[in-house]
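K.L.:
this one's sequence-less:
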């Protein structure tokens, strides 16, 4: 079962994407009128719930709360305990080279890639009434299901991250 899909630009032809799911992580290419896939080289078997790409990297979020960083189909880094529960969504901010993750634990994390490693940082301002964990990022009292960047995100305004929750609330 496919849990998530993300377009990528590894070969640069615009006809590529990655899918993930339960024990499933595949790279797909459109060649003529055929879809051809290859699996990632991984000793790690997991329940991948989310996937996104940033530059030459691919990131996957897992049911365990870990976030995996891939380069050339090889696992290069694991961010253990990124979330205390499943990582349900990943969104790449290509304009600022940042990844935003959302989890079942209600956390919204801001991640940066440096020297083939993922790290968490916090550059977000929180609206009145929201909780904030200074070390981690944003916190909402519900399970995060989806994250999107609003069109205003192009202006480097960090308050324009949309968060959808399991109950249907949007922050």
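P.N.:
Sure thing, it's come through. Because the structure is a prediction, the values reported are computed rather than measured. Numbering: from 1, shown residues only.
K.L.:
gap between residue 68 and residue 31?
P.N.:
For residue 68, the distance to residue 31 (C-beta to C-beta, to the nearest Å) stands at 27 Å. Quick note: C-beta positions are derived from backbone N, CA and C, even for glycine.
K.L.:
avg pLDDT for stretch 87-103?
P.N.:
Averaging pLDDT along stretch 87-103 yields 91.
K.L.:
pull out the buried residues from it.
P.N.:
For stretch 87-103, a neighbour-count test (16 or more other C-beta atoms under 10 Å) marks 87-93, 98-103 as buried.
K.L.:
so which of these is the closest to residue 46?
P.N.:
Lowest distance from residue 46 to the buried residues of stretch 87-103 (C-beta to C-beta) belongs to residue 87, with 10.5 Å.
K.L.:
relative to residue 68, how far out is that closest one?
P.N.:
10 Å.
K.L.:
then residue 25?
P.N.:
9 Å.
K.L.:
now for these two: what residues contact both?
P.N.:
Counting by C-beta atoms under 8 Å, 6 or more residues apart in numbering, the residues touching both residue 25 and residue 68 are residue 60.
K.L.:
quick one: low-confidence parts of the chain?
P.N.:
10-14, 43, 45, 122-137, 151-159 (pLDDT under 70).
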